[in-house]
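Peer 1: Give the three-dimensional model of this entry:
(chains A and B)
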Amino acid sequence: MPELTRTEPSKTGLLSVRNLKIEATSYPPGEPPKTVTLVEGVNFDVQKGKVLGLIGESGAGKSTIGLTALAYGRGGVRITGGEVRLNGQDLLQLDHAGIRKVRGAKVCYVAQSAAAAFNPAHRLGEQVIEATLKHGIMSRAEAEKRALYLFRVLGLPNPETFGERYPHQVSGGQLQRAMTAMALCPNPELIVFDEPTTALDVTTQIDVLAAIKHAIEETHTAAIYITHDLAVVAQITDDILVLRHGKMVEYGSVKQIIEAPKQDYTRALVNVRGTAREEAQDQSDTLLKVDNVTAGYSNGFKVLQNVSLHLPKGQTLAVVGESGSGKSTLARVITGLLPPQEGTVSFDGKPLPRALKGRKNEELRRIQMIYQMADTAMNPRQTVRNIIGRPLTFYFGLHGKQKTERVRELLDQIEMGEGFLDRFPAELSGGQKQRVAIARALAARPDLILCDEPTSALDPLVAEGILKLLLKLQDETQVSYMFITHDIAIVRAIADSVAVMHRGRLVRFGPKSMVLSPPFDDYTDLLLKSVPEMEIGWLEKVLKTRRMESAGN
Amino acid sequence: MRLRSIPLSAWVGIAGIAIALICAIFAPWLAPHGESEIVGDIWSPMGGEFLLGTDNLGRDLLSRLIYGARTTIFVALAATILSFSLGMLLSFIAAVTGGLIDQLFSRFNDLMMAIPTLIFALVVLAVLPQQLWILILVMAVLDSTRVYRIGRAVALDVAVMEFVEAARLRGEGTGWIIFREILPNTLSPLLAEFGLRFAFSILFLSTLSFLGLGIQPPAADWGGMVKDNKDGIIFGISAALVPGAAIAILTICVNLVVDWLMKRTSSLKGGRGDA
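Peer 2: Predicted coordinates:
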């Protein structure tokens, strides 16, 4: 590979990383320990007041590289070569006392899950100014004043009293902003953002993004922004470094990467939404019909209110909404896990018994489910052969040779070879696990598969592969999908009809072309405008035009 | 798993357990004298004709120790296996079904645990006829309350996983869910607990024997041997300490193995830097 250099020449900046090499020791069971090289030959610079985006799929070494700015290796990871210079000083040569003066003072860190990173036993205000006080950068009064200023800049509600709250008393998006305030408080020269918006809803993500961008501009701090979402990084950074398998793929300005990517891998990332499908013309058929369903828990809280929709045979219904909107609950009602309080669910013309217990195996067979987390949806102590084979034995009484034969066929259908027959789920990658989960659902020869965000835990390119597979299988078997998602881009790509949910109510339902074209109701407008697009300046444009604030949960 | 990866402490434990088991199985061939045969003076010292000396009736201590291993380990093992079968089955049913059955089982379990185990056992054993199977049963039932607690906690964690939900959606029965979905995923902590409970069983049996409600004389049992010889301690005779030491050593050996099993099963697959 030719040596990578920046497209625009630049002088050495605030942070300069040269020839970085990171290793770790792995302990495979029953084998001698091995040294694995995670990152090799990485060079980049961050200028004062500029933002660098690190992007790549999981395992690309983004977070590991980000943490080297604090000279830190997580979980047995060692930085074994190269230089990390902050203002000309090599951080890797510093001793413990020396590096402690840098961490939390000159370089700060914002973690992916703020909910896990804050100490639940202390007030937010105390935690935000803690590092500043420990380093003796400001007096308590000054630090509190700065915290208040930052809470304002970040758009937090009631900034005067916000610091008195405990972490559980604020929403996920607010917590993420509080964490940003914590990082900005000691006036650091550099902040490392490690996927700060990945765990948030799209509607919340946009607020946090805007707040972070505003705060960085206000305080002239440099930042490294780590994410796997190129569209997000396009909104906030000046330069982008694309990583894969611990090596640099492409390094350049945002404009160049987004508009004129040079490497094939970058091009694939930019054009990730390749699939698109025309919606079906006739949507009058009702394989699944949900009629005025209201459901809730025994404490009286209603999660679904008067939801009515239907899904024709061989088509895809996308159910969209933010977390807590009742999308997954709708799937639970259809499966019978949560019997509805009012209303009926009918399938193929006949009403389904309300509770799971009342349903016959034949009724269960025809509706299958795919989960968001394929890890937890499969028994870790069963091999692929048993996972896929069980429905075959259970529903069709297949045994021995016939069963193995059918499992092979299914593995073929999900584009995996028979070499996977005797593997355990822990020996599969995320995408392969989801494929096995799909094969398990398919083994029952269902008429309807409920897909509960099957791609949201996956890297974009892998998710794309899963979507293509689902579409292929639909063409082959005429199965219907109810596809639960919060990603409008997926909806555009695969849906025939769309249902938009908000706080347990159905806000909008109909064919895709109708739901996704104006005039919009306020919530659909917000949802549609919150999906980051691969376009520079998109964030500012949207903030100006949207009509409704997100619920913030 | 390779033999080399077993740490030294676990080897010590395995060796100790192996010796005890060999003694238990081959007792008639290993023991130099009979179980209740009076062969010499009362409380003759260690060394000489009798390697460990004789007891309060002039029986060979070593022979009784070897025969004692038989009863002690058999009763403790039977009681532990029974208590695990009972406790795990009930706790898994409670965890999987939930609702009224869970409440019923759990509250009854609390009730049982509220009564001090030893006093409960003493009262029940004093009333019932003194037979070996009754002793085993009483020990098992009392111990199963502890197993139930742990079994339910572990099973609840697994029962809410999506693969269990997927099995329910498939229409699987409770039996399949318990034995095929939940049991394999709870085996490692329960296995470790099994070793621990086995050690407690030995101690409990010894306590009961010491109090006169466990194994009945003249059959040998380690706890009972301590009781028989306890008066000798006043006169500086160490006969009571020998079976006491045997109990301690076996308990420690079992725990060494359990520690290793716990460490092995609790570490992540493949493990990170701290393996």
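
Peer 1: mind listing the helices for chain B?
Peer 2: For chain B, the helices defined by DSSP state H occupy B:8-25, B:27-30, B:61-97, B:99-114, B:117-127, B:132-159, B:162-170, B:174-176, B:183-210, B:222-229, B:241-266.

Peer 1: Enumerate the positions of the last one that are buried.
Peer 2: Within helix B:241-266, the residues scored as buried using 16 or more other C-beta atoms under 10 Å in any protein chain shown are B:242-244, B:246-247, B:250-251, B:253-262, B:264. The C-beta positions use only the backbone N, C-alpha and C, and glycine is treated the same way.

Peer 1: Mind putting the helices of chain B into CSV with mean pLDDT and distance to A:T383?
Peer 2: Output for the helices of chain B, formatted as CSV (pLDDT from 0 to 100; distance: least, C-beta to C-beta, whole Å):
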stretch, mean pLDDT, distance to A:T383
helix B:8-25, 90, 29
helix B:27-30, 83, 44
helix B:61-97, 90, 23
helix B:99-114, 93, 32
helix B:117-127, 90, 42
helix B:132-159, 91, 18
helix B:162-170, 90, 13
helix B:174-176, 89, 17
helix B:183-210, 84, 12
helix B:222-229, 84, 45
helix B:241-266, 82, 19
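
Peer 1: Out of those, indicate the one that is most buried.
Peer 2: Counting by mean count of other C-beta atoms under 10 Å in any protein chain shown, helix B:222-229 has the highest mean neighbour count of these, with a mean of 25.

Peer 1: Just name whatever secondary elements it is in contact with.
Peer 2: When contacts are defined as 3 or more C-beta pairs under 8 Å, 6 or more residues apart in numbering or on different chains; DSSP states H and E, helix B:222-229 packs onto helix B:61-97, helix B:183-210, helix B:241-266.

Peer 1: Helix B:241-266 and the second one, what's the angle between them?
Peer 2: Just to be clear, that refers to helix B:183-210. 170 degrees (axes from the mean of the first three to the mean of the last three C-alpha atoms, to 10 degrees).

Peer 1: what stretches of chain A score poorly on pLDDT?
Peer 2: A:1-12, A:28-31, A:272-276, A:546-553 (pLDDT under 70).

Peer 1: ok, back up a step: between the helices of chain B, which gets nearest to A:L288?
Peer 2: Closest to A:L288 of the helices of chain B is helix B:162-170 (C-beta to C-beta; 15.5 Å).

Peer 1: got a list of contacts for that closest one?
Peer 2: For helix B:162-170, contacts defined as C-beta atoms under 8 Å, 6 or more residues apart in numbering or on different chains pick out A:335, A:337, A:356, A:364, A:368-369, A:371, A:373, A:376-379, A:390-391, A:394, A:440, A:444, B:158, B:176-177, B:180-182.

Peer 1: quick one on the thing from earlier: of all the helices of chain B, which one is nearest A:E476?
Peer 2: Comparing these by C-beta to C-beta, helix B:162-170 comes nearest, at 22.4 Å.

Peer 1: residue in chain A nearest to chain B?
Peer 2: Proximity of chain A to chain B (C-beta to the nearest C-beta) peaks at A:G76, 2.5 Å away.

Peer 1: Of the helices and strands packed on helix B:222-229, give the one that comes closest to A:L67.
Peer 2: helix B:241-266 (26.8 Å).

Peer 1: Quick one: distance of that closest one to the chain centre.
Peer 2: Going by C-alpha atoms, centre = their mean, to the nearest Å, the spacing between the C-alpha centre of helix B:241-266 and its chain's C-alpha centre is 11 Å.

Peer 1: now stretch A:470-481
Peer 2: 25 Å.

Peer 1: Dump that stretch to CSV, restricted to CA.
Peer 2: The C-alpha trace of stretch A:470-481 is given here as CSV (Å, rounded to 0.1, in the frame of the first residue of the first chain):
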residue,chain,number,x,y,z
LEU,A,470,-33.5,-10.5,4.1
LEU,A,471,-34.7,-9.1,0.9
LYS,A,472,-33.4,-12.1,-1.1
LEU,A,473,-35.1,-14.5,1.3
GLN,A,474,-38.3,-12.6,0.9
ASP,A,475,-38.2,-13.0,-2.8
GLU,A,476,-37.5,-16.7,-2.5
THR,A,477,-40.0,-17.6,0.2
GLN,A,478,-42.7,-14.9,0.1
VAL,A,479,-42.3,-14.3,3.8
SER,A,480,-43.6,-11.1,5.3
TYR,A,481,-41.5,-8.9,7.6
